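Trainee: Sharing a sequence plus its predicted fold:
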Amino acid sequence: MPDVVVEIESLAPGGDAVGRQQEAPAAGRVTFVPLAAPGERVGVHLVREKARVAWGELTEIQRPGADRVAPRCPLFGECGGCQWQHVNLAAQHTAKKQIVERALGIEIPPVIAAVPPFGYRDRARVTVAGAAVGFKARRSHDVVDVRECPLFSPALARTLPAVRALGANLPSGSELALQAGGEGVHVDVTHAGETAPTRALCQRLWADLQAAGVVGVSIDGKPALGAATVDVTEVGGAPLLVPGGAFAQSGRTANAALVAAVMDAAGETPGAVIELCAGSGNFTRHLVRVATSVRASDTDAAAVARGRRVAPAATWSRRPPQVPPEPAADLVLLDPPREGADEETLAVAGKALRRVVYVSCDPQTLARDARRLGAAGFRLTSAVALDLMPQTYHIEVVAIFDRP
């Protein structure tokens, strides 16, 4: 495929930059280019093209953009963990604000910088591939060997050498999920084959792992050594215990900002609340303090069991409450996975008497579900965007839908 010149206009959902080709026969065609920056004129080798859109790889920077900075990590561009380390934080926030506004069709306040630019990650998942232990390469299933990561919190950074030593003895395809908490780091080993050899290996390396700050190891989600969970409670929050393989936000500081935004959206007197996709009770433990009642649900049985321990004042179930015939809720809070809410979840949310608070990590699926909530009689009244993962394209949104 040919090489072309592209004027870069902005950063796009998914992490690429996007601009328009400058030369015939496809002048004006939208082209996605990873590792380019807004305001740049770049040479691009096309790898895929259609009549109105194309995708390529950066070959040269003919005119650098004002927002370009030197990446801190020497693996940037090869490793797929970050997409935007080459642009300054202000440009990242501008792009994230624009992405959310284009998706939702409303103006939002400036993006909330919830965490520092680096050193914020309390959780990570590394993959083993022969001698390499690290993250997937950009646009590839290959694994980049990662000896250090500038996004890791001090606890994860301290643990990584010992985790790499463990991974070096595991078969290719094994994964290690790391979760830092107040006590230290929990490691969950998955896809490693038979449990007995993996357990023996972990026992042999247990002293080294402990010296590096590891407080517990599980294998395929089942406790094997040390603590079964770690406490990921944010400052001032109620206890929240999760194992290494369970979902938690990128870090405790990030979660504190997200909880604050959700509780602000819920209001001081939310009334009767239904919480959908409640996970391990991250928001539930706060809602029970202000709501007249909370009915929480999640499809993950293990998460529900943890939620019952974290927020026993709530009524927990594995299925969304049926509304009707059960009493309707004043407010419905939902925090679905990246692919958005399913029909059953949206049907329950659509029965809220007053307000729906939707927590989303994908503005595109949020926009789709916003249309569905609109059909149920709700109006999108406001939204806030939080940058919980700088140097990446990821953005968290808390949207409020009110019944007129």
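Mentor: Perfect, I can see it now.
Trainee: these two touch, right, residue 358 and residue 368?
Mentor: No: between residue 358 and residue 368 there is no contact under C-beta atoms under 8 Å: 11.3 Å. C-beta: built from backbone N, CA, C; applies to glycine.
Trainee: for this structure, what spans make up the helices?
Mentor: 89-104, 154-167, 195-204, 206-211, 252-266, 284-287, 301-310, 343-349, 363-375 (DSSP state H).
Trainee: So what touches the fourth one?
Mentor: This means helix 206-211. 159, 162, 163, 165, 166, 187, 202, 217, 225, 226 (C-beta atoms under 8 Å, 6 or more residues apart in numbering).
Trainee: And the residues you listed, which two are furthest apart?
Mentor: 165 and 226 (16.9 Å; C-beta to C-beta).
Trainee: of those two, who's got more company?
Mentor: Shown here are residue 165 and residue 226; by other C-beta atoms under 10 Å, residue 226 has more neighbours (18 against 14).
Trainee: which non-adjacent residue is nearest that one?
Mentor: Distances taken as C-beta to C-beta, 6 or more residues apart in numbering place residue 216 nearest to residue 226, at 3.9 Å, with adjacent residues excluded.
Trainee: how near is residue 155 to residue 202?
Mentor: 19 Å (C-beta to C-beta, to the nearest Å).
Trainee: Residue 14 against residue 393, yeah?
Mentor: Yes: in this structure, residue 14 is within contact of residue 393 by C-beta under 8 Å, at 6.2 Å.
Trainee: who's in contact with the strand ranked longest in the chain?
Mentor: For the chain, the longest strand by residue count, based on DSSP state E, is strand 53-63. Defining contact as C-beta under 8 Å, 6+ apart, one finds that strand 53-63 is touched by 1, 3-6, 16, 21, 26, 29-36, 40-49, 68.
Trainee: Of these, keep whichever come out buried.
Mentor: 4-6, 16, 21, 26, 29-36, 40-44, 46, 49, 68 (16 or more other C-beta atoms under 10 Å).
Trainee: now, which of the residues you listed lie within strands?
Mentor: When DSSP E defines the strands, the subset of the buried ones among the contacts of strand 53-63 inside them is 4-6, 21, 30-33, 41-44, 46, 49.
Trainee: Show me what the lowest-mean-pLDDT helix or strand in the chain pairs with in its sheet, parallel or antiparallel.
Mentor: Within the chain, no helix or strand scores below strand 241-242, which has a mean of 90 by mean pLDDT, DSSP states H and E. In the sheet containing strand 241-242, the strands it pairs with under DSSP bridges are strand 230-231 (antiparallel).
Trainee: what's in contact with the partner strand?
Mentor: Taking C-beta under 8 Å, 6+ apart as the rule, strand 230-231 contacts 179-186, 215-216, 239-244.
Trainee: from those residues, which is closest to residue 116?
Mentor: Among those, and counting by C-beta to C-beta, the member closest to residue 116 is residue 180, at 15.3 Å.
Trainee: I figured that closest one hits residue 153, correct?
Mentor: Yes: taking C-beta under 8 Å as the definition, residue 180 is a contact partner of residue 153 at 5.7 Å.
Trainee: Between those two, point out the one with more neighbours.
Mentor: Neighbours were counted for residue 180 and for residue 153 using other C-beta under 10 Å; residue 180 has more, 29 against 22.
Trainee: contacting residues around the nearest residue to residue 242 once chain neighbours are set aside?
Mentor: Nearest residue to residue 242, sequence neighbours excluded (C-beta to C-beta, 6+ apart): residue 248, at 5.1 Å. Residue 248 is in contact with 122, 123, 179, 232, 240, 242, 255, 280, 282, counting by C-beta under 8 Å, 6+ apart.
Trainee: What of residue 108?
Mentor: 97, 100, 101, 382, 383, 384, 385.
Trainee: Give the burial count for residue 19, as a bare number.
Mentor: 25.
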